[in-house]
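Generate a structure from the sequence data that follows.
(3 chains)
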Amino acid sequence: MALATRTGRRPSTTRTLWDSTVGKKSVMAVSGAIMLGYLVAHMFGNLKIFFGPGDFNGYAHWLRGMGAPLLHHEWALWMVRVVLIAAVIAHGVSAYQLSRRDIKARPVKYAHKRRRASYATRTMRWGGIILALFIVWHLLDLTTLTVNERAWAGHPYENVLATFSTWYGNTIYIVAMVAVGLHVRHGFWSAAQTLGAGNARRDRTLKFLANALALVLFAGFVSVPVAVMTGVVS
Amino acid sequence: MKLTLRVWRQHNADAPGAMASYEVDGISQDMSFLEMLDTLNEDLILRGEDPVAFDHDCREGICGACSLVINGDAHGPERTTTCQLHMRSFADGDTIDVEPWRASAFPVVKDLVVDRSAFDRIIQAGGYITAPTGAAPEAHATPVPKPAADHAFEHAECIGCGACVAACPNGSAMLFTSAKINHLNVLPQGSPERESRVLDMVATMDDEGFGGCTLTGECATACPKGIPLPSIAAMNKEWLRALRKG
Amino acid sequence: MSEYANYTTGEPISDTKAPEGPIAERWDRRRFEAKLVNPANRRKHTVIVVGTGLAGGAAGATLAEQGYHVVQFCYSDSPRRAHSIAAQGGINAAKNYRNDGDSVHRLFYDTVKGGDFRARESNVHRLAQISVEIIDQCVAQGVPFAREYGGLLDTRSFGGVQVSRTFYARGQTGQQLLLGAYQALSRQIAAGNVEMHARTEMLDLITVDGVARGIVARDLITGSIETHYADAVVLASGGYGNVFYLSTNAMNSNATAIWRAHRRGAHFANPCFTQIHPTCIPRTGDHQSKLTLMSESLRNDGRIWVPKAKGDTRPAAEIPEAERDYYLERIYPSFGNLVPRDIASRAAKNVCDEGRGVGPGGQGVYLDFADAIRRMGRDQVAEKYGNLFEMYERITAENPYEVPMRIYPAVHYTMGGLWVDYDLQTTVPGLFAIGEANFSDHGANRLGASALMQGLGDGYFVLPSTINDYLARHPHQDSVDDDHPEAAAAIRETRDCLAKLLAVDGDRTPDSFHREIGELMWEYCGMARTDAGLRKALARIPEIREEFWRRIKVPGSGAEFNQSLEKANRIVDYLELAELMCLDALHRAESCGGHFREESQTPDGEAARRDEEFGYAAAWEYQGTGAAPVLHKEDLVFEYVHPTQRSYA
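As a prediction, this is how the structure comes out:
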């Protein structure tokens, strides 16, 4: 006798992707990977500050003219921004929805408290929130210059120096970069698992890569405020 | 040994619960944890109190019925099932906290007993190979390479106890689900239903109210049968592959 | 002398379903002669299946695949937890993949001989034929059997045979086979063809005019008493080894379903045929709640010995080779450590009785892997037995790679059960019993790796074929409901029994009674039985029963999740079943297989069968609690395997 164990039609691929915890995690993984790629580029750009205001401001200027003459002024930059904004929103919304779901799935805590998984894993959520707040501040500070002490349009070198000349600027930035390091450390490995790239053989390599990336990003980014504070860059 | 037990008591699914303290004396190192609870229950019955309800059956670590969180660890301090945990893992005078599996997909039935039927529904969604009785080809018609057979076996060892869910801070059933996916999807016999299996099982897992995976690895640490954490990555890969293939 | 022992002998009973003719053709002929139910009509038939182990799970799935509406029950929270899951060693099949001279006929021969000529030839032959299909079926389901590097299935040899026909999945064959059946069942549950009631225990059989029409069951969570009606009822509720309190059975395995069916008219056959498994972990103290089996496969490479001298308390390592007695190899040179279970168990008991046992209380013998580790290397031994060694170490805190294991026999399997004909139908029309719940295929002793074969054979292949015939011949049964006098009586009796248990409010726990009856049974109806001992037990059981009803204490109420009530209710049945087991053992004044009567042994201490007088299966008819039952004999005819005194020397 024939059996119809599966009745109804399967929903669309996008629907399945977005509705599933596994799918949503892969959205987080891909958007995370996009942001990670951006961060690496961003970090290399930042390091230009060690070559003086001319180099750094020139690089900033070039960013706006990227893609010329094919693309109009700032078009390429806006394309990058749109992709990044989409990634941030996808990442954030997925994270929010998944977290709510996770909390709902374990409403009662154990009476017996015990050690939990590694620090980075545990801080993914808080780290994510810290980073989201940081991005807002960072944009207000160095993109829109709303909160920048110097706020000299077209002169990022001077603006960066101004930010890192304040105690709170340094504190906010360094705390955020710690969060970046921890977030990348677990996030990179986790994304690899989510996208199915992880297996027992590759695990050590992936963990090494995750640690290396986290460390390089942290060191690269933090070198700027440190350099300003110590007077290497002035 | 003399011990203090703090046990979760809850009369039924709707009643409020609380931890209650009991003293047990004359506990031998050779007793299993459940035999220690038997001793407590014998006492409680004679004192006219309600004995502690807990699930247990084979008491040899294979049926997956026993399900206690002991001092915050699913199945206690050793990597085994509760029934195979022996009192030699504890010291005289210890205070031991005993709680049920905690997850909204596993509601408490009474005391330490929870309802794990969500696991059955995940299997019903596709955790099988369609092979009606009588339709099977000769067993040697399809050789299975030993590595594939071993991989399948390693994951087929899952006893469905739910320790993975209990240990997971998100109450996620990814390790359980991935164990079955890894078992069946690696076998040639399982390949015709490879895509629908993973899509349907994951969808059911989500519908049952289990949380998502944040890869904390708590599940694999708690698993008494050693289902490895990379099983989850392998299932994710299967799922994405199935999604691509439509 | 108790009244109970004055049983009377009634009409002989015989199987009327197995066709005549050459044994190899009987199963085909039976299937051809059986009436079929039109596929379109099958969904109008409801079949109740009690139990979800290998037999029940396989039967439920297969009946549903055929189109029947199946209503299935298990006491656990999930059908996947049935105790079949704990079987370790393997499953036999006459595939002859090794080209070592195996065949259907040899498996048939070995099983009849291993069962000490107390099984029905036609049933056993059918089992041997089906064994081949079982492996095909399980492989198709994705059961991850052990394989060789070429990708083909691996086999090993098991106790009592000289061919390598046992398929296995490391030490968890039962688990893997059960999960295969569970998954097939799950598929049918999802399809709506099986209505699964987990945490629901059958407490009575409902018969109408002598025909099985339903069951009374208790929802273990709410405590509510429910009835379910059907066109046929299949019992797949396993064996009754837990009557001994300490056994390798799961804690909740019980005899209630079969015993209450027995009370409703199903004859109980050969209840005294219990299997004592030779390789279990010895008990450690009074707190012991169950015993753990170590797979018999360990005997393939482990060597069993005790010190030659009595009371030798030196650690094993300090006992030189010359002072060790490898008694199985000495007494049975050609089979050595691989003799059948009953022989290995009794030999262990004998050396321990002589005072040569090892470990606490002298209740143990060594199972030594030192030679195997030397020969094969530690890794190879770990590959084969790793998980068993781990389990042993977890329980005993001793490392078997370094110190020999200590083992002792324990109750493991019950060959007896409800009497069934070739169609697996009991003496109650419409009531079928499959797997360990029936008495059919293993005679007086079951060979290793045959329980899984029989459970799956009954469930996948035999019952789904034979039940058709019954359903086709009873197509339009009147509907029954709770108002029917016989149904109402069953419901009332079930409620009364539970209420009575709760009302006593005495001063002894259910476990204390269970332990008491268990110890009595182990003492007098265990590995060696005597006329005097059995009579003593028969005198004692009614006293325990009387005390039970006076002193039992069951806390709580019936309208809730109440594990003490479940337990006490099962003990009610053990207290009657134990009596029947002792009577059966008393009346069978011969030794055969797992039943060893000290009065009946050969000069060298082996079991002496008395075929002339006892060449029958004993089917007992219930007459009431404590009332002498009626014995119906089924004469066993051996046309193909001629009874000889078993020799494994």
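
hey, let's count contacts and neighbours off CA atoms from now on
Will do.

Could you name the specific helix or strand carrying residue A:189?
helix A:167-194 (DSSP states H and E).

On the C-terminal side of that helix, identify the next helix or strand.
helix A:203-230.

near chain A, anything from the longest helix seen in chain B?
Ranked by residue count under DSSP state H, the longest helix found in chain B is helix B:230-245. Yes. Helix B:230-245 reaches chain A (CA under 8 Å from any CA of the partner chain) through B:230-240, B:243-244.

tell me which residues of that helix are tucked away?
B:230-243 (16 or more other CA atoms under 10 Å in any protein chain shown).

Those residues of chain B touching chain A, which are they?
B:71-72, B:97, B:99, B:102-105, B:169-172, B:202-203, B:206, B:209-218, B:230-240, B:243-244, B:246.

which residues are in contact with stretch A:53-64?
A:45-46, A:48-49, A:73-77, A:154-158 (CA atoms under 8 Å, 6 or more residues apart in numbering or on different chains).

hmm, back to that, any chance you could list what contacts the longest helix of chain B?
Contacts of helix B:230-245 (CA under 8 Å, 6+ apart): A:13, A:17, A:22-23, A:192-200, B:174-175, B:178-179, B:181-182, B:194-196, B:198-199.

got a list of what residue C:364 touches?
By CA under 8 Å, 6+ apart, the neighbours of residue C:364 are C:282, C:348, C:352, C:357-358, C:406-408.

From the residues you listed, pick the one nearest chain B.
residue C:282 (11.9 Å; CA to the nearest CA).

sec struct for the closest one, please.
Classification of residue C:282 using DSSP: H, G, I helix; E, B strand; the rest coil returns coil.

what does chain A put close to chain B?
When proximity is defined as CA under 8 Å from any CA, chain A approaches chain B at A:13, A:17, A:20-23, A:98, A:101-114, A:117-118, A:121, A:190, A:192-200.

mind running it again at 6 Å?
A:21, A:101-102, A:105-106, A:112, A:117, A:193-194, A:196, A:198-200 (CA under 6 Å from any CA of the partner chain).

Now list the buried members of those.
Buried among the residues of chain A next to chain B (16+ other CA under 10 Å): A:21, A:101-102, A:105-106, A:193-194, A:196, A:198-199.

Redo these as JSON lines? Include pLDDT and distance to chain C.
Putting those into JSON lines (pLDDT from 0 to 100; distance: CA to the nearest CA, whole Å) gives the following:
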{"residue": "A:21", "pLDDT": "96", "distance to chain C": "23"}
{"residue": "A:101", "pLDDT": "95", "distance to chain C": "26"}
{"residue": "A:102", "pLDDT": "93", "distance to chain C": "25"}
{"residue": "A:105", "pLDDT": "96", "distance to chain C": "21"}
{"residue": "A:106", "pLDDT": "93", "distance to chain C": "21"}
{"residue": "A:193", "pLDDT": "94", "distance to chain C": "26"}
{"residue": "A:194", "pLDDT": "95", "distance to chain C": "26"}
{"residue": "A:196", "pLDDT": "91", "distance to chain C": "24"}
{"residue": "A:198", "pLDDT": "81", "distance to chain C": "24"}
{"residue": "A:199", "pLDDT": "83", "distance to chain C": "21"}
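
if we take the residues you listed, which one ends up nearest to residue C:384?
Closest approach between these and residue C:384, by CA to CA: residue A:199, at 26.2 Å.

so who does the closest one touch?
residue B:230 (CA atoms under 6 Å, 6 or more residues apart in numbering or on different chains).

From residue A:36, how far out is residue B:9?
According to CA to CA, to the nearest Å, residue B:9 and residue A:36 sit 48 Å apart.

what's the answer for residue C:595, then?
74 Å.

who has more neighbours, these two?
The neighbour count for residue C:595 versus residue A:36, taken as other CA atoms under 10 Å in any protein chain shown, is higher for residue C:595 (27 against 18).

Quick one: mean pLDDT for the helix or strand harbouring residue C:390?
Using DSSP H and E, residue C:390 maps to helix C:378-396. When pLDDT is averaged over helix C:378-396, the result is 89.

Check stretch C:607-627 too.
On average, stretch C:607-627 scores 96.

Pull out the buried positions in that stretch.
C:607-609, C:611, C:614-622, C:626.

Serialize these to CSV and add fields for secondary structure and distance to chain A.
Formatted as CSV, these follow (DSSP: H, G, I helix; E, B strand; the rest coil; distance: CA to the nearest CA, whole Å):
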residue, secondary structure, distance to chain A
C:607, strand, 51
C:608, coil, 52
C:609, coil, 49
C:611, helix, 48
C:614, helix, 47
C:615, coil, 44
C:616, strand, 42
C:617, strand, 39
C:618, strand, 41
C:619, strand, 38
C:620, strand, 40
C:621, strand, 40
C:622, coil, 41
C:626, coil, 49
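
Present the residues you listed as a markdown table; the columns should include distance to residue A:32.
Shown next, in a markdown table, are those (distance: CA to CA, whole Å):
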| residue | distance to residue A:32 |
| --- | --- |
| C:607 | 75 |
| C:608 | 78 |
| C:609 | 77 |
| C:611 | 80 |
| C:614 | 79 |
| C:615 | 77 |
| C:616 | 76 |
| C:617 | 73 |
| C:618 | 74 |
| C:619 | 72 |
| C:620 | 73 |
| C:621 | 74 |
| C:622 | 73 |
| C:626 | 75 |
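
and which of those residues is nearest to residue C:270?
residue C:618 (5.3 Å).

wait, isn't that closest one in contact with residue C:633?
Yes. Because the distance of 5.0 Å satisfies CA atoms under 6 Å, residue C:618 is recorded as touching residue C:633.

domain parsing for chain C?
Each domain of chain C is listed here as a residue range: C:277-410, C:485-615, per automatic domain parsing.

and of the ones you listed, who's closest to residue B:150?
domain C:277-410 (11.7 Å).

if we can go back for a sec, could I get the contacts of residue C:364 as TSV with secondary structure and pLDDT?
Formatted as TSV, the contacts of residue C:364 follow (DSSP: H, G, I helix; E, B strand; the rest coil; pLDDT from 0 to 100):
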residue	secondary structure	pLDDT
C:282	coil	94
C:348	helix	95
C:352	helix	93
C:357	coil	95
C:358	coil	95
C:406	strand	96
C:407	strand	96
C:408	strand	94
